[in-house]
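> No sequence on hand, only this structure:
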Ligand SMILES: Nc1ncnc2c1ncn2[C@@H]1O[C@H](COP(=O)(O)OP(=O)(O)O)[C@@H](O)[C@H]1O
Ligand SMILES: O=P(O)(O)OC[C@H]1O[C@](O)(COP(=O)(O)O)[C@@H](O)[C@@H]1O
């Protein structure tokens, strides 16, 4: 069973537009409201594919009640923790060329008592877990080493921890030896101080995260795919998507697919890419189900040992 912890969940509004012009009034082509936050999305993707998961979700205010209602409607198994501050809302502007601009609110601070209540909830839920996924940003004033403390606590219980976050929370978690980290290209560059312009740079940066303590690194590279670096090898893969609809949640779908496939080796990377490609073809942050994943052309998903010279798309 896979427990997810989302300390900073969100209501995710994805607004589809033709293209963005700053200062203009733009008529949206479509809009979607989804439950969100990275760990929540991992549980949503797992549920959509009948993989047992339990989401630990702090929630507050009318926004938080709306979030819980949306998750209940999807049938998510969850442990909810009421908190004082309102749950945040994030906005993603998805352009027709596949570009997504995200505006993520910081969220509201958790009191020490609320943080203890969340920790108790995740410790309780994790008693029968194989994995705990600590995913997403930390709310304001939550200590940056929180994920590190969870990693150490669960390591003592023999529970594997996956961390998907950024900035100081990621840097602080690495020495605690997380079993798996899932940085995107920007987070990989930020954590290592490297410029990531080729696949070789991504592999080297992932190797540096392993040297800092992570056991397995699944680094996602947007449209360029992903690279997997672990004890027994380095693999690269990509899953082209003919018409990208929304990339919001793609990384979370990737992480869910990787865990669902055993979190090790080339086959798990291929499955992760299939889940991510399926997510990108869906609107908003809708998580792909078996039919969406089956529709992904597996012949177009190529995994191989990494070619360091392969250039990545500019910017990324
Ligand atoms: N434009 C795209 N075309 C095809 N696949 C994509 C695209 N954007 C993202 N993906 C897939 O989703 C995965 C995660 O996307 P990425 O943006 O790297 O992570 P995150 O969502 O965590 O920031 C990528 O590794 C890739 O497999
Ligand atoms: O697009 P990604 O990186 O997979 O993350 C999707 C989720 O992350 C969020 O953007 C929140 O990210 P943060 O927790 O890092 O602020 C949610 O709005 C969304 O549900």
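Right, received. Where do you want to start? Keep in mind it's a predicted model, so treat the numbers as computed, not measured. Ligands and ions are numbered 1, 2, ... in the order given.
> Around ligand 1, pick out the residues from the stretch 151-300 of the chain.
184, 220-223, 225-226, 239, 241, 244, 247, 250-251, 254, 273, 276-277, 280 (C-beta under 6 Å from any ligand atom). The way it works is simple: take the backbone N, C-alpha and C, and place the C-beta from them, glycine included.
> ChimeraX command to pick out the buried ones of those?
Buried subset of these, written as a ChimeraX selection, criterion 16 or more other C-beta atoms under 10 Å:
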select :184,220,221,222,225,226,239,241,244,247,250,251,254,273,276,277,280
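> could you pick out which of the residues of the stretch 151-300 of the chain next to ligand 1 are near ligand 2?
250, 251.
> Inside strands: which ones of the residues of the stretch 151-300 of the chain next to ligand 1?
Assigned to strands by DSSP state E, the following of these qualify: 220, 226.
> Just the residues of the stretch 151-300 of the chain next to ligand 1: which are in helices?
Using DSSP state H, the subset of these located in helices is 250, 251, 254, 273, 276, 277, 280.
> List just the nearest of the residues you listed to ligand 1.
residue 251 (1.9 Å; C-beta to the nearest ligand atom).
> So that closest one versus residue 131, what's the distance?
Going from residue 251 to residue 131 by C-beta to C-beta, to the nearest Å gives 16 Å.
> Next: residue 295.
From residue 295 over to residue 131 the distance is 27 Å, taken as C-beta to C-beta.
> Out of those two, name the residue with the larger neighbour count.
Between residue 295 and residue 131, counted using other C-beta atoms under 10 Å, residue 131 has the larger neighbour count: 20 against 12.
> Strands along the stretch 51-200 of the chain, start to end?
Secondary structure of the stretch 51-200 of the chain (DSSP state E, counting those that start in this stretch): strands located at 53-59, 78-82, 88-95, 100-104, 131-135, 160-164, 180-181.
> Pipe these into JSON lines and attach mean pLDDT per row.
As requested, these are exported to JSON lines (pLDDT from 0 to 100):
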{"stretch": "strand 53-59", "mean pLDDT": "98"}
{"stretch": "strand 78-82", "mean pLDDT": "98"}
{"stretch": "strand 88-95", "mean pLDDT": "96"}
{"stretch": "strand 100-104", "mean pLDDT": "95"}
{"stretch": "strand 131-135", "mean pLDDT": "98"}
{"stretch": "strand 160-164", "mean pLDDT": "98"}
{"stretch": "strand 180-181", "mean pLDDT": "98"}
